[in-house]
Structure formats: C-alpha cells, structure tokens
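Peer 1: Compute the structure for the input listed below.
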Amino acid sequence: MPADASLPPEGDRLSPAARHLYVYAVERRSFTGAEATAALGAPAGAAIAELSSAHLLQRVPDGFGPDAAERWGAVSPRAAAARSLAPLALRVRDTHDEMDRLRGLLEALVPAYEAGSAGRGLEQTEHLELITDPAAIQHLIGHMLAAAEHEVLTSHPGGGRPTRVLEQAIDRDESLLGRGVRMRTIYQHTARYSRPTAAYVERVAARGGQVRTLGDGLMRMILIDQHTGIMAVRDDTAAALVVREPNVVDFMVQAFERSWVEAEPFATTVGPDQARSISDELRQNIVRLLAEGLEDKVIARRLGMSERTCQRHIAEVMRAVGAKSRFQAGFLLSAAAGAGASAGPSPLRSPGAAAPGGTAGTA
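Peer 2: Numbers count the residues shown, from 1 in each chain. Here you go, the predicted structure:
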C-alpha cells in the first residue's frame with residue numbers, strides 16, 4: 001500500500017452531512033448505515049465514507065453471523081488526528097534525515113574549499129562580478145575611489161553629464177586630487193556644450209585633473225590604479241561589471257590610452273577655430289555612421305547628442321551630398337567612401353573632395 005494511502009482526502013472542512021453524522025455517531029455506541037440514513041433523512045453512505053477516510057469513524061464488531069449488519073462507531077478527533085498525521089510525521093522525519101545526510105556530505109568539503117581560496121588570494125576569487133543594484137554600484141565606486149593611491153582613469157560617453165551627478169562627484173574628485181592621485185577623464189565632444197560639465201571640468205582642472213573629449217568610440221568605464229576596472233553592461237544601463245582579472249584590466253587600460261591619444265583637451269572656453277574643428281569632426285562621425293546605415297537614434301546615442309540635434313546635422317549632410325532620403329545619403333556616402341578612401345576623410349570637407357562614382361582629389 002502506498003505511504004499516503006491512509007491520509008484523508010484533501011479539503012478544508014467536512015461536508016454538512018458528514019458533520020451531522022459525526023454528531024449523531026458520538027451520541028451512541030454504534031450504528032448501522034440504515035440507522036444513520038433513517039436518522040438523517042437522507043442516504044448516509046457518502047457521509048460514512050467521508051468520516052471513515054478522515055479516521056473519525058471506525059467499524060465496530062457487534063453482532064455475529066453472515067447476516068450481522070456492518071456497524072460504525074465514532075473516534076475522538078485527537079485519535080483521528082494522530083492517525084492522519086502519522087504518515088506526514090514519518091515523511092518529515094525522513095526529509096530531516098536526508099537533509100542531515102546532504103549537509104554532512106557537503107560540509108565535509110569546506111576545509112578543502114577554504115584552503116584553496118586562501119591560496120588563490122583575494123584578488124583571484126572574484127575576477128568578474130556583475131552588480132545590478134545602482135545603489136550598490138555607487139557605494140562600490142565611492143569605496144574604490146577612496147582607496148585609490150596612484151591614478152584613476154574614467155571615460156563617460158553620452159555628452160554632458162547630469163548636474164546631480166556632477167554635484168555628487170566634485171567633492172569626491174577634488175579630495176582625490178588633493179591626495180595626489182592623478183585623474184584623467186574622457187568625455188565626448190558634445191559635453192563641451194554642457195555648462196554644468198564645463199564648470200566641473202574647470203574645477204577639477206584647477207586641482208590638476210586632466211579632461212579630454214573624443215567624438216566616438218568611447219566605452220563607459222572607470223579604472224583604479226590599473227588593477228580594478230568597472231565597465232558598463234550592454235543593454236542594462238543600471239548594471240555594472242567589476243573586473244579584477246589582470247589581462248582584462250590591461251586591455252581596458254590600453255583602450256583608454258588609445259582614446260586619450262586621439263582625444264582633444266577640454267577647454268572651458270572654446271574659440272571659433274576650435275569650435276569649428278570640433279563641429280567638423282562631429283559631422284565626419286555622422287557621415288561615417290550614416291554610411292554604415294545606422295538609425296538616427298543610434299547615431300545620436302553614439303555621439304552623445306540629442307536625437308533632434310543629430311537629425312539637424314544629418315539634414316545638413318544630406319543637403320551637402322544632394323541626397324533626397326537617408327537611404328540615398330547612406331548609399332552615396334558609402335560609394336564616396338569606397339571610391340575616395342585614400343584621398344580624404346569625407347565629401348563634406350570641400351565641394352570637390354569626393355563625388356559619387358568619381359575620384360577624390362589630393363588636396
């Protein structure tokens with residue numbers, strides 16, 4: 001017989017007929033089905049079966065011979081509970097025994113694990129750590145910056161930074177620089193047009209911080225003393241990946257250094273020539289990304305500008321190449337880039353720099 005065979009059927013309560021029958025049963029020593037039916041005024045078979053499965057009725061030996069009627073007697077609720085719960089208690093005991101067995105088996109391996117972890121060292125135990133709680137990320141960044149000893153490298157794509165973020169960062173960064181820690185930061189060119197960002201740069205520059213800007217190709221990251229990195233997670237702006245693996249950190253440092261060499265110093269006051277140079281570079285980046293067939297919102301995000309500003313630049317590019325649509329502009333720019341790759345960076349530099357289907361000049 002299965003272990004659960006003695007358990008009563010599931011249900012929150014007895015049926016009214018079963019409750020009436022139980023009251024009838026406790027008032028007499030025993031009864032037959034026929035007597036119960038007569039007393040209840042309805043067939044008692046289902047109620048008898050329900051009470052019997054709940055161990056509230058039991059057969060009573062009363063009468064002899066083949067013609068003796070089957071008789072039933074009431075069982076106390078406490079006795080019925082003890083009988084009903086016995087299989088569950090046995091199951092719980094077996095479960096506890098299995099839990100103790102598994103716990104002992106696994107805990108026997110703890111000394112070996114702890115010995116191996118101690119041998120690896122702290123830096124080797126968590127090479128990559130994904131953090132999805134923004135508050136935890138900010139706490140970790142603050143802790144790491146407070147412990148920095150030599151240099152902090154940061155790159156922030158996306159144009160000007162929010163005023164709230166800059167207000168939170170300025171005291172911390174000035175303290176960092178005041179301790180003699182070097183700090184180099186790369187923004188995108190569009191950050192130059194953000195007054196709060198320019199004001200922040202002016203303050204950190206006065207303490208020795210260095211800030212440059214680049215048009216495209218930035219990855220969001222922070223590097224602490226070239227041994228720990230924090231980088232953005234693709235498709236999840238609220239998450240961050242903490243990197244302690246030396247080879248990966250070195251790759252991040254080299255990526256930063258390449259961007260640093262190509263970037264231009266962030267001047268808090270921009271003259272006409274510099275502004276024109278930055279605008280030209282932004283336009284060249286738009287041309288390149290447009291030729292790759294990227295959508296306006298993707299180009300805007302890559303260059304750290306609003307989609308409306310990006311669309312205005314794209315309209316200027318389309319007018320310059322004589323395109324009637326973005327599709328046509330992308331086609332013409334791709335053709336021009338393929339035909340004149342060795343001659344000049346873009347057909348927008350001069351009217352004859354490149355033409356669809358033609359060759360570029362050497363000027």
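Peer 1: Could you pull out the buried residues of stretch 222-241?
Peer 2: 222-224, 226, 228-232, 240-241 (16 or more other Cβ atoms under 10 Å). The C-beta positions use only the backbone N, C-alpha and C, and glycine is treated the same way.
Peer 1: same thing with stretch 34-47?
Peer 2: Counting neighbours by 16+ other Cβ under 10 Å, stretch 34-47 gives 35-37, 39, 44, 47 as buried.
Peer 1: Phi first, then psi, for residue 43.
Peer 2: For residue 43, the backbone dihedrals (degrees, to the nearest 10) come out as phi -60, psi 130.
Peer 1: Could you do residue 295 as well?
Peer 2: phi -80, psi 160.
Peer 1: wait, what's in contact with it?
Peer 2: Contact partners of residue 295, counting by Cβ atoms under 8 Å, 6 or more residues apart in numbering, are absent.
Peer 1: before we move on, what about residue 208?
Peer 2: By Cβ under 8 Å, 6+ apart, the contact list for residue 208 reads 177, 182-183.
Peer 1: could you point out where the stretch 151-300 of the chain is predicted with low confidence?
Peer 2: Low-confidence segments of the stretch 151-300 of the chain (pLDDT under 70): 217, 268-281.
Peer 1: Going along the chain, name the strands of it.
Peer 2: Using DSSP state E, counting those that start in this stretch, the strands of the stretch 151-300 of the chain run over 151-156, 182-188, 210-214, 221-224, 228-233, 236-243, 264-265.
Peer 1: With distance to residue 74 added, can I get those strands in CSV?
Peer 2: Shown next, in CSV, are those (distance: least, Cβ to Cβ, whole Å):
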stretch, distance to residue 74
strand 151-156, 80
strand 182-188, 85
strand 210-214, 88
strand 221-224, 76
strand 228-233, 67
strand 236-243, 64
strand 264-265, 95
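Peer 1: Between those, which one is closest to residue 88.
Peer 2: strand 236-243 (44.4 Å; Cβ to Cβ).
Peer 1: what packs against that closest one?
Peer 2: Counting contacts by 3 or more Cβ pairs under 8 Å, 6 or more residues apart in numbering; DSSP states H and E, strand 236-243 packs against strand 128-131, helix 134-147, strand 228-233.
Peer 1: so of the ones you listed, which one's packed in deepest?
Peer 2: Most buried of those, by mean neighbour count (mean count of other Cβ atoms under 10 Å): strand 228-233, with a mean of 19.
Peer 1: quick one: strands adjacent to that one?
Peer 2: strand 221-224 (antiparallel), strand 236-243 (antiparallel) (DSSP bridges).
Peer 1: so how far is it off the chain centroid?
Peer 2: Its chain's C-alpha centre and that of strand 228-233 lie 14 Å apart, by Cα atoms, centre = their mean, to the nearest Å.
Peer 1: Need the residues that contact it.
Peer 2: Contact with strand 228-233 is made by 130, 137, 140-141, 144, 219-224, 239-244, 248-249, 252-253, as judged by Cβ under 8 Å, 6+ apart.
Peer 1: can you check stretch 42-53 too?
Peer 2: Contacts for stretch 42-53 (Cβ under 8 Å, 6+ apart): 8-9, 14-15, 17-18, 20-22, 25, 33, 36-37, 40, 57-58, 72.
Peer 1: Buried among those residues? Make that a ChimeraX selection.
Peer 2: Once 16+ other Cβ under 10 Å is used to decide burial, the buried members of the contacts of stretch 42-53 can be selected in ChimeraX as follows:
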select :8,14,17,18,20,21,22,25,33,36,37,57,72
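Peer 1: What about the contacts of stretch 42-53, which are in strands?
Peer 2: Counting by DSSP state E, the contacts of stretch 42-53 place 57-58, 72 in strands.
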